[in-house]
Structure formats: structure tokens, C-alpha cells
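Chemist: sequence? don't have it. structure:
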């Protein structure tokens, strides 16, 4: 008999803080080195304005958060200083090198 890997009958508790944080990585580009993390649709609970296109990032819209990487001591959980974080549409973040200033 095949093994059952999919256990739909078990209740899965999602940690809301973990869902909101998403995955994080470091990006080195021509415009500097950035910490970047994804925000899932479940974690997008506020409206933000994208610095790339100046349009709103609506509720429940997946997007990315980026903040400058620097040589200072790491902030707990890698979240960065709140004042330096910017919420971007994923496409705007990926196209930022082609943007006119």
C-alpha cells in the first residue's frame, strides 16, 4: 500500500508572524546591497505606497520589502530598521535598474 504523505485531516496552525515575514535574502546590485524579503498575500495586512511606481500596494497583495544592508550590528530576526524599509511591488523591485530617476 502506498504511503500517504498528504495529511489533510490534521489541523495546521500557521504562526502569523512567520507568514508575515516571508523568506529573506541579500541582493547586491548596482544601486547597493539590500536585504529583501517577500510578503505573502496572507501577510499583507496594510496598504503601502510603492516607491517604484508611486501606486498603492493593496491589502492581500504579495510584494517585497527592501532595506539597505550595512555594516552595523544585525537587527533581531533580520527585519531591519523600520524607517529604512520600503514596500515594493515585486515587478517594480525587479525593474528598478531600468527606472528613470
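Modeler: Yep, that arrived. From a predicted model like this one, the values you see are computed outputs, not experimental measurements.

Chemist: the longest strand belonging to the chain packs against which elements?
Modeler: Assignment by DSSP state E gives strand 32-39 as the longest strand of the chain. Contact analysis of strand 32-39 by 3 or more CB pairs under 8 Å, 6 or more residues apart in numbering; DSSP states H and E lists strand 24-29, strand 63-68 as its packing neighbours. (Glycine included, C-beta is placed from N, CA and C.)

Chemist: so what touches the last one?
Modeler: In other words, strand 63-68. Residues outside strand 63-68 that contact it (CB atoms under 8 Å, 6 or more residues apart in numbering) are 27, 32-39, 44, 48, 50, 57, 80-81, 84-90, 93.

Chemist: so it versus strand 24-29, what angle?
Modeler: Here the directions of strand 63-68 and strand 24-29 differ by 60 degrees (axes from the mean of the first three to the mean of the last three CA atoms, to 10 degrees).

Chemist: what about strand 63-68, average pLDDT?
Modeler: The average pLDDT within strand 63-68 is 92.

Chemist: quick one: name whatever helix or strand follows that strand.
Modeler: strand 86-88 (DSSP states H and E).

Chemist: cool, thanks, talk later.
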